[in-house]
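In: Only the shape, not the letters, is given here:
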């Protein structure tokens, strides 16, 4: 597995690179946003650890540009604890975030969880889920809606697969945080809401009046197979 670590703090990058290489990862590094985009587009990267504050191009811009051509998982690092910074990272396509200073073991756990969820799907005998005109390809982790192929981020795909394989079952925001993000992840309902809204914008003809991913007011979300 190849990681791309993007941060202008050289000592931090050196420490992260050493730690992940000790665990058997191949690691590329970048010290600014422009270099990060170049590496992400020219190499086969499995996951990006991306700082929010970068020279030349900030982390949000990098995230946006990477998302133009790739659905590679992105974990955003931010020195700011404000909720808006976290939500903005998710809006621009990040899959997860971690506030500095952080525990290296927590970062490693999140990296492993994302890569494990992605890799586990390739071993499944049934590589396709098809319901109500939507098809999920577990190999490419994409959705096909009315013949239109849609690339999903790691979290978007995981939410979609969970809901489609449990049609009609309502999952609360806390349920989704525990299942998709992992038990112990901060209980911020807006994290789920942002991902569901982005997912609806990709798969629904009218995201304001969804027909696939439905809201059970006061409870949570579910997939509607009765079209």
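Out: Sure thing, it's come through. Note that the structure is a prediction, hence the values are computed from the model and not measured.
In: Pick out the residue nearest the middle of the chain.
Out: Nearest to the mean C-alpha position of the chain, counting by Cα atoms, centre = their mean, stands residue 95 at 2.5 Å.
In: What does that residue show for phi and psi?
Out: Backbone dihedrals for residue 95, given as degrees, to the nearest 10, come out at phi -100, psi -20.
In: Let me see the contact set for it.
Out: Applying Cβ atoms under 8 Å, 6 or more residues apart in numbering to residue 95 gives the contacts 73, 74, 75, 114, 153, 154, 155. In short, each C-beta sits where N, CA and C put it, glycine included.
In: now residue 30
Out: Counted by Cβ under 8 Å, 6+ apart, residue 30 has contacts 4, 5, 6, 36, 38, 39.
In: which one is residue 203 nearest to, not counting chain neighbours?
Out: Nearest residue to residue 203, sequence neighbours excluded (Cβ to Cβ, 6 or more residues apart in numbering): residue 145, at 5.2 Å.
In: what does residue 94 give?
Out: In space, residue 94 is closest to residue 76, 4.2 Å off (Cβ to Cβ, 6+ apart).
In: and if you look at residue 163?
Out: Residue 163 sits nearest to residue 223 (Cβ to Cβ, 6+ apart), 3.8 Å away.
In: which ones are touching that neighbour?
Out: 131, 163, 164, 166, 167, 168, 212, 213, 214.
In: Tell me which of those residues fall in helices.
Out: 163, 164 (DSSP state H).
In: from the contacts of residue 223, which is closest to residue 61?
Out: Closest to residue 61 out of these is residue 213 (28.7 Å), distances taken as Cβ to Cβ.
In: can you pull the buried residues of the helix or strand of the chain with the lowest mean pLDDT?
Out: Scoring the helices and strands of the chain by mean pLDDT, DSSP states H and E places helix 83-91 at the bottom, with a mean of 76. Within helix 83-91, the residues scored as buried using 16 or more other Cβ atoms under 10 Å are 85, 86, 87, 88, 89, 90.
In: Which pLDDT value belongs to the residue nearest to the second one when sequence neighbours are not counted?
Out: Going back to what we said before, that points to residue 86. The spatial neighbour of residue 86 that comes closest, neighbours along the chain excluded (Cβ to Cβ, 6+ apart), is residue 97 at 5.0 Å. Looking at residue 97, its pLDDT is 87.
In: Would you state the helices of this protein in chain order?
Out: Using DSSP H, helices in the chain cover 10-22, 33-42, 59-67, 83-91, 104-120, 154-165, 173-176, 189-203.
In: I'm done for today, thanks for sticking with me.
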